[in-house]
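Student: no sequence on hand, only this structure:
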């Protein structure tokens, strides 16, 4: 070997070979960042959804209570592809893996309903195949007495990792509870940032909360923010996915003053729209959250049936850094169905709380993102007309809607233009069975919600039905970028 290495030509060949090996190793150990887009692919491709998972929450214990879930794999617009394969049913079942299904979505377009029950088990809607695309569901509870008297109805939530809620409270007379649901087979860890009128709160009990696999965890706001009147939450999962829901029980002294779920709000932005402020009497409260480190200056525009206007005395508001601000709007709205557009110099988000005329029931609706495709909503049976409120906050926009019954028959359908800055109302008659609604944006920016209010002169034994459901773009497609393999993964 020594003689071989003494040959200058052999030594040169060995050195060149060593350099080549080192260069190759450098390519592997210091690989360039992978391309997240396949060559020639400039925009995300759309992949048809073939799997669905929705969490349907239930309220706390009560008396004379009935809870049920209505779900549908809706009829999709003509030409919309669906996943390949047979139409395997979507199951509606308790969270435990050993729980027997209590219902199934069997065919596209027909509403599946669970039996009304006093059991308070959260349910999951799950399945794969062609029925998954666009699946929508609503969890509804009614009670004739006690702390849950009235109607609490909320759309079932797709799990995720980042959510915002605005309009909560831990003041006397409020009992707000954040319910975290984990549909997956591994634990999730969640941290909640709590904002108040005085700024962000130190809430160690709301950090690092473990949500067990196929289970739930609850955070009582009265324990993490005792006495705080106006609150907003950011819910972030650092491991696993969760489906959060914020339950709100209100009391007027010792008298129940309603129960409902506070709908999530869109992520903070410099322009947000809160749709679906119901017509009629009662209180209308707008809650604004500025989660940034700078004071925000926000301009409010009311989008009413006759067009936009600036509310007197409320056209411009200052929201301190990291704080929540509350405004009363009922006088400015004059009982009209409306939306509110907020333009701010800092990212903010918002929600609106509305009560019936007797202030014995309420509903809350959060800021929504503009519709970018069809949105589907399952409506439970209702004794009073439900109102679809569609708002075009900018230029004139076009919208198409269809209301279908439980057997998929079209009850009402129409295409119309919404004048820029205005809110259009479409009224749906009372229904004794569940129905489902499709709202599709045809042009321009659109925000929409459905509201339900009790009769102006209800009967003495009527249970007040107050609800607000936002319309959001349903999960029919997922954006997917082409990608090259990441060779670094093998070295981790």
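Tutor: Looks like it came in fine. Everything numeric in this text was worked out from a predicted model, so none of it was measured.
Student: show me the contacts for residue 148.
Tutor: 59-60, 62, 65, 141, 249, 256, 259 (CB atoms under 8 Å, 6 or more residues apart in numbering). Where C-beta positions appear, they are placed from N, C-alpha and C, glycine not excepted.
Student: please flag which of these sit within strands.
Tutor: Assigned to strands by DSSP state E, the following of those qualify: 65, 141, 249, 256, 259.
Student: number of residues surrounding the fourth one?
Tutor: Neighbour count for residue 256, taken as other CB atoms under 10 Å: 20.
Student: ok so, going back, farthest-separated two in the contacts of residue 148?
Tutor: Comparing every pair within those by CB to CB identifies 141 and 256 as the most remote, at 13.5 Å.
Student: contacts for stretch 103-114?
Tutor: 68-76, 87, 89-92, 102, 115, 123, 125, 127, 130-131, 135, 378, 404-408, 434-436.
Student: returning to that earlier point: for the ones in strands among the contacts of residue 148, which one is nearest residue 177?
Tutor: Closest to residue 177 out of the ones in strands among the contacts of residue 148 is residue 249 (8.0 Å), distances taken as CB to CB.
Student: pull the number of nearby residues for the closest one.
Tutor: Residues within reach of residue 249, counting by other CB under 10 Å, total 20.
Student: quickly find the element holding the closest residue to it other than its chain neighbours.
Tutor: The shortest distance from residue 249 to any non-neighbouring residue, by CB to CB, 6 or more residues apart in numbering, is to residue 175 (4.3 Å). Per DSSP states H and E: residue 175 is located in strand 174-182.
Student: pretty sure residue 422 contacts residue 308?
Tutor: Yes: Residue 422 lies in contact with residue 308 (CB atoms under 8 Å); the separation is 7.1 Å.
Student: show the buried residues in the contacts of stretch 103-114.
Tutor: 68-76, 87, 89-92, 102, 123, 125, 127, 130-131, 135, 378, 404, 406, 434-436 (16 or more other CB atoms under 10 Å).
Student: out of these, which are inside strands?
Tutor: 68-72, 90-92, 123, 125, 127, 378, 404, 435-436.
Student: check these against residue 228 and report the nearest one.
Tutor: Closest to residue 228, out of all of those and judged by CB to CB, is residue 123, at 31.7 Å.
Student: and residue 400, what does it touch?
Tutor: Residue 400 neighbours (CB under 8 Å, 6+ apart): 413-416, 439-440, 442.
Student: what about it, helix or strand, and which?
Tutor: Using DSSP H and E, residue 400 falls in strand 397-404.
Student: give me the sheet partners of that strand and which way each runs.
Tutor: strand 410-418 (antiparallel), strand 435-443 (antiparallel) (DSSP bridges).
Student: now do that strand against strand 65-72, angle only.
Tutor: 110 degrees (axes from the mean of the first three to the mean of the last three CA atoms, to 10 degrees).
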